[in-house]
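> this one's structure only:
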């Protein structure tokens, strides 16, 4: 649950709380998009919080294409 109004810049304690929650969720295996939904922020804003927290982001994943024959 967020302790701030949406659409405002996070500063101080609210930013630290959001940063830690985002890092915890992401390291548990959640995607950036699902973390963003859970903390009520945008994808880009959540990505920035994760980078500020020092989290190493995972690759995008997906199937590798086979070489054309």
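Here it is on my side, so go on. Given the structure is predicted, the values throughout are model-derived calculations rather than measurements. Residues are numbered from 1 along each chain as shown.
> pretty sure residue 33 contacts residue 45?
No: counting by CB atoms under 8 Å, residue 33 does not reach residue 45; the two are 11.9 Å apart. Just so you know, the C-beta spots here come from the backbone N, C-alpha and C atoms, and that holds for glycine as well.
> who's more crowded, these two?
Counted by other CB atoms under 10 Å, residue 33 and residue 45 do not tie: residue 45 has more neighbours, with 16 against 12.
> what helix or strand is that one on?
Using DSSP states H and E, residue 45 sits in helix 43-52.
> for residue 15, same thing?
Short version, using DSSP H and E: residue 15 is in helix 12-27.
> try residue 9
Residue 9 belongs to no helix or strand when assigned by DSSP H and E.
> tally of neighbours for it?
If you count neighbours by other CB under 10 Å, residue 9 ends up with 8.
> Then residue 43?
Using other CB under 10 Å: residue 43 sits among 13 other residues.
> In space, what's closest to it - neighbours in sequence excluded?
Leaving aside its sequence neighbours, residue 43 sits nearest to residue 36 (CB to CB, 6 or more residues apart in numbering; 5.0 Å).
> quick one on the thing from earlier: tell me the gap between the helix holding residue 45 and the middle of its chain.
5 Å (CA atoms, centre = their mean, to the nearest Å).
> helices or strands next to that helix in the packing?
Counting by 3 or more CB pairs under 8 Å, 6 or more residues apart in numbering; DSSP states H and E, the packing neighbours recorded for helix 43-52 are helix 12-27, helix 32-39.
> With respect to residue 53, which of the ones you listed lies nearest?
Checking the helices and strands packed on helix 43-52 against residue 53 by CB to CB gives helix 12-27 as the closest, at 4.0 Å.
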